[in-house]
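In: fold the following, please.
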Amino acid sequence: MMEVLAPAGDMEIAKLAFRAGADACYIGGELSARAYARNFSRGEIREILRYAHGFGKKIYVAVNTMVLEREMESALSYLGFLYEAGADAVIVADMGLAAAAHALYPALPLHASTQMGVEDARGAAFARKLGCCRVVPARETPLDVLREIADTGMEVEAFCHGALCSGISGMCLLSSFIGGRSGNRGRCAQPCRMAYTLLGEKAYHLSTADLCAIGLLGELHRAGVSSLKIEGRMKRREYVAITVDAYRRAVDALEEGGEFDTEAAVLAMQKVYNRGGFTQGYLKGGRDVTYPARQNHMGVYVGRLEKAAGRRGFVRTAETLQKGDGLEFMGQSSHGGLTIGFADPTPGGWQIPLPAGAKAGDRVFRTTDARQMEEAGQIGERELKIPVNMQLWLAEGEPARLVLSAREQEAEAAGAVCQQAQKPMEEGRIREILQKTGGTSFVLKTCQIHWAGNPFLRVAELNALRREGLAALEEKIAEAGRPYLPEPGTRQEPEARPAPWNGIAAQVKTPGQARAAWENGAGRVYFAPEEYTESALQTIGREKRGEVYLVLPPFWSRADRKRLNELLPWLREHMDGWVCANPGQVEFARETGMPFVCDYWMNTANRESASALFRAGAAGITASTELDQAMLREMDGAAAEAVVYGRLPLMNLRHCPLKKQGNCGKCGHAVLEDRAGYAFPLERAGIADCLLQVCNSVPLWIGDLPALRAAGIRSLRLVFTREDAETAGRVTRAFSSAWRAGQKVHGDGIIKETTTTGHFRRGIE
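Out: Numbering: from 1, shown residues only. Sure, this is the predicted structure:
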């Protein structure tokens, strides 16, 4: 049956999650994608592993960030600690870390994080080659594709509840480029939760509602999902208690064929946290996942404020309100909220205190349910106990002997020598002493007492025997919970190969841009059309004056893959290669036998990752756009292409705020404007399905070409989106001339916009 996998931001929440019914918890330590969570120290990891394994539970440790070259040794050392400590699995995002860890610790289970970008069965096959036994597919993956992934034999861990990323995980640079806090490094500032203006409408256009798939558990099970993942390592304990308890009961009902009140469970989970209700996400193929009116906890609607007199008012509602409830009052916007200190019943509703801004007619939402908080506390107080069987041997003149068994383990303790009893020992009293297991993880299940002669043992001696036996059994169970650890393997020095390509590549959307780039010094074109139609491809084919690589979008759906296969015969004949953005595309490109370049979306930041991609057949690698000059130099030319110009796409959206607004088809012209007035262009990038890209408000311009060459860069990429052919030509000519001459190039007089050097100077944490 499916595993219930809970988030745990600290020790107490992990224990609470297990008491609520979780089969496993995922936690963070070093190099976790929740850098601002409390996370677990090494000592705490040992402690929670011992606790979990004692109850037959599991702990997965997230080490799911992009790893810099300078961090690889320490990251592998940390995984060595987790291996020795007995972690049940490590969740990894970095391809190089996965490959190197598998070589060193082949018995350490590795789970491919959603940050790795596995979107299909081919991506799962790639993750398997890295050494992973489980994948967490992109949240955008529908049920039918989850089934295809499960059919490869890989375990599938699917998100079932909690916050949804607006952009595709592992392929979001918005926080990184506008605020310097990299999501790929666990420091996302969540700019997607901010308000933006789109075609005159200010709203939370990128903010997603929370996922709730509790009504789809049967379909998830039939799709081959092994583990149900609840999001929320930074959520409060009540959220974990209520949510885990609901999914535990739902999974048990599914397994046992019992009844489960899904509607009541959904309401309970909405009370504890929801952003504009719940969504089933992309599981059923839908894409209506945002709630533009609000970006934080909404609570549950309870009624309307009918009368307001000063700081007291009447709420008409059929719900029961009580002291300690948190209420929020909503008109066109929030009029404030408070935790009520009293609630007086009145016919048709309740008299309650009001915040200063509340007005008659306001809708009233309960954001905290005091009764539910009590229930969450009760869930947290549940006891986890291991039933233990005891056999006690008492014989005159012999040491007392206690044999204990639980969880297929057995332990034995020897006590004091039994004396001859002046008064026979009472069996009931002995059982009473043996069942005093308080303060331990055990509860007495059965007890057999074997007598020889007329033995006597003092109460203190019997207590000591019980304590010694339980401690020995606890140690046996903990030891059994540690996996067998063969000797670590040997790490080979990464064998990254230099890429032969040396020139200017222009990524274009139109044939006009391509023509201008070729005429002004580009040796290669990366074609990223807005429409992947045969006519568009044939047009670029007719314009061809050098190599043309087709850019594959960062997310490709089943319909995208079908369209690509239909075009494949023509593409083999007229295209020179591919630009791949995710692991599945690497496998696809390898199968075609055509050359391919790995895009910057693959977050290549160390030589191990580059080596893994070269082993997969890559002809070249574009370095992560988050690396600074020193970080690039440490790569030693392994990722030899750098993006130096363009309004870089920062987010990739499977949902469309334009379509939600009723303005489908206006991508390519529309912008999202933030509160500071910066405008982020929206561009289409899908093959058959829509994929919307949010581009940077200012173009990248890295003009210090000598520094790039000194850092090991051997080719440059220029990214053109809305530029006309004339601008594309000027930019290409400037970079091409400076690259050949070994000089710096400045944007003054070439483009009008203010530019940014991105991370080349400032780097990332």
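In: flag every buried residue along the helix or strand hosting Phe18.
Out: For Phe18, the host element (DSSP states H and E) is helix 11-20. Using 16 or more other C-beta atoms under 10 Å as the test for burial, helix 11-20 gives Met11, Ile13, Ala14, Lys15, Leu16, Ala17, Phe18, Arg19, Ala20. (Glycine included, C-beta is placed from N, CA and C.)
In: contacts only, for the fourth one.
Out: Put plainly, it is Lys15. Ile48, Tyr51 (C-beta atoms under 8 Å, 6 or more residues apart in numbering).
In: just give me the residue right at the centre of this structure.
Out: Nearest residue to the geometric centre of the chain (C-alpha atoms, centre = their mean): Thr114, 5.2 Å.
In: now the phi/psi pair for that residue, please.
Out: phi -60, psi -20 (degrees, to the nearest 10).
In: can you map out the strands along the stretch 351-500 of the chain?
Out: Using DSSP state E, counting those that start in this stretch, the strands of the stretch 351-500 of the chain run over 363-368, 386-395, 399-406, 409-417, 419-420, 442-452, 455-456.
In: domain ranges for this protein?
Out: If you go by automatic domain parsing, the domain ranges for the chain are 3-164+210-279, 168-207+648-698, 300-380, 386-481, 504-647+699-741.
In: chain center to the longest one, what's the gap?
Out: In other words, domain 3-164+210-279. Distance of domain 3-164+210-279 from the chain centroid (C-alpha atoms, centre = their mean, to the nearest Å) equals 8 Å.
In: measure it end to end?
Out: Using C-alpha to C-alpha, to the nearest Å, the end-to-end distance of domain 3-164+210-279 comes to 22 Å.
In: OK, contacts around Ser182?
Out: Counting by C-beta under 8 Å, 6+ apart, Ser182 has contacts Met66, Leu173, Ser175, Ser176, Cys188, Glu626, Ile764, Glu765.
In: which one (most neighbours) among those residues?
Out: Tallying neighbours with other C-beta atoms under 10 Å puts Met66 at the head of the contacts of Ser182, with 29 neighbours.
In: gap between that one and Gln435?
Out: Note on Met66: its distance to Gln435, by C-beta to C-beta, to the nearest Å, is 53 Å.
In: could you do Gln661 as well?
Out: Gln661 is 66 Å from Gln435, by C-beta to C-beta.
In: residue ranges for the strands of the stretch 1-150 of the chain, please.
Out: Counting by DSSP E, counting those that start in this stretch, the stretch 1-150 of the chain has strands at residues 3-7, 24-28, 58-63, 89-92, 110-112, 134-135.
In: what's the closest of those strands to Glu231?
Out: Nearest of the strands of the stretch 1-150 of the chain to Glu231, taken as C-beta to C-beta: strand 3-7 at 6.4 Å.
In: taking the contacts of Ser182 one by one, which sit in strands?
Out: Among the contacts of Ser182, no residue falls in strands (DSSP state E).
In: any chance of those residues in CSV, plus distance to Ser333 and pLDDT?
Out: Formatted as CSV, those follow (distance: C-beta to C-beta, whole Å; pLDDT from 0 to 100):
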residue, distance to Ser333, pLDDT
Met66, 38, 97
Leu173, 31, 96
Ser175, 26, 95
Ser176, 31, 95
Cys188, 26, 92
Glu626, 36, 97
Ile764, 36, 84
Glu765, 35, 77
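In: in CSV, list those along with distance to Val579.
Out: Formatted as CSV, the contacts of Ser182 follow (distance: C-beta to C-beta, whole Å):
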residue, distance to Val579
Met66, 20
Leu173, 17
Ser175, 24
Ser176, 21
Cys188, 26
Glu626, 18
Ile764, 23
Glu765, 28
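In: list the contacts for Ala209?
Out: With C-beta under 8 Å, 6+ apart, Ala209 has these contacts: Leu164, Asn274, Arg275, Gly276, Gly277, Phe278, Thr279, Val289, Thr290, Tyr291.
In: pLDDT below threshold where in the stretch 251-400 of the chain?
Out: Residues of the stretch 251-400 of the chain meeting the criterion pLDDT under 70: none.
In: which helix runs longest in this structure?
Out: Assignment by DSSP state H gives helix 459-481 as the longest helix of the chain.
In: output the contacting helices and strands for it.
Out: Other helices and strands packing on helix 459-481, by 3 or more C-beta pairs under 8 Å, 6 or more residues apart in numbering; DSSP states H and E, are helix 42-54, strand 386-395, strand 399-406, strand 409-417, helix 427-434, strand 442-452.
In: repeat that for 7 Å
Out: On a contact count with 3 or more C-beta pairs under 7 Å, 6 or more residues apart in numbering; DSSP states H and E, helix 459-481 meets helix 42-54, strand 399-406, strand 409-417, helix 427-434.
In: of all these, which lies closest to Trp601?
Out: With C-beta to C-beta, the closest approach to Trp601 among the helices and strands packed on helix 459-481 belongs to helix 42-54: 31.6 Å.
In: for the closest one, packing partners?
Out: Counting contacts by 3+ C-beta pairs under 7 Å, 6+ apart, helix 42-54 packs against helix 11-20, strand 58-63, helix 72-85, helix 459-481.
In: if we can go back for a sec, make JSON lines from the strands of the stretch 351-500 of the chain and add distance to Cys690 and mean neighbour count to it.
Out: Formatted as JSON lines, the strands of the stretch 351-500 of the chain follow (distance: least, C-beta to C-beta, whole Å; neighbours: other C-beta atoms under 10 Å):
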{"stretch": "strand 363-368", "distance to Cys690": "33", "mean neighbour count": "20"}
{"stretch": "strand 386-395", "distance to Cys690": "53", "mean neighbour count": "20"}
{"stretch": "strand 399-406", "distance to Cys690": "56", "mean neighbour count": "20"}
{"stretch": "strand 409-417", "distance to Cys690": "56", "mean neighbour count": "17"}
{"stretch": "strand 419-420", "distance to Cys690": "85", "mean neighbour count": "12"}
{"stretch": "strand 442-452", "distance to Cys690": "57", "mean neighbour count": "14"}
{"stretch": "strand 455-456", "distance to Cys690": "81", "mean neighbour count": "18"}
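In: where does pLDDT dip in the stretch 1-150 of the chain?
Out: Residues of the stretch 1-150 of the chain that meet the cut-off, pLDDT under 70, sit at 33, 35.
In: switch to 80 and redo it
Out: 33-38 (pLDDT under 80).
In: now swap in the stretch 651-765 of the chain and tell me
Out: Flagging of the stretch 651-765 of the chain using pLDDT under 80 yields the residue ranges 662-663, 665-668, 765.
In: how about the helices in it?
Out: Shown for the stretch 651-765 of the chain, the helices assigned by DSSP state H, counting those that start in this stretch span residues 657-661, 705-710, 725-741.
In: now the closest residue in space to Thr279 that isn't next to it in sequence, what are its backbone angles?
Out: Nearest non-adjacent residue to Thr279, counting by C-beta to C-beta, 6 or more residues apart in numbering: Ala209, 4.4 Å away. Per-residue torsions, Ala209: phi -70, psi 170 (degrees, to the nearest 10).
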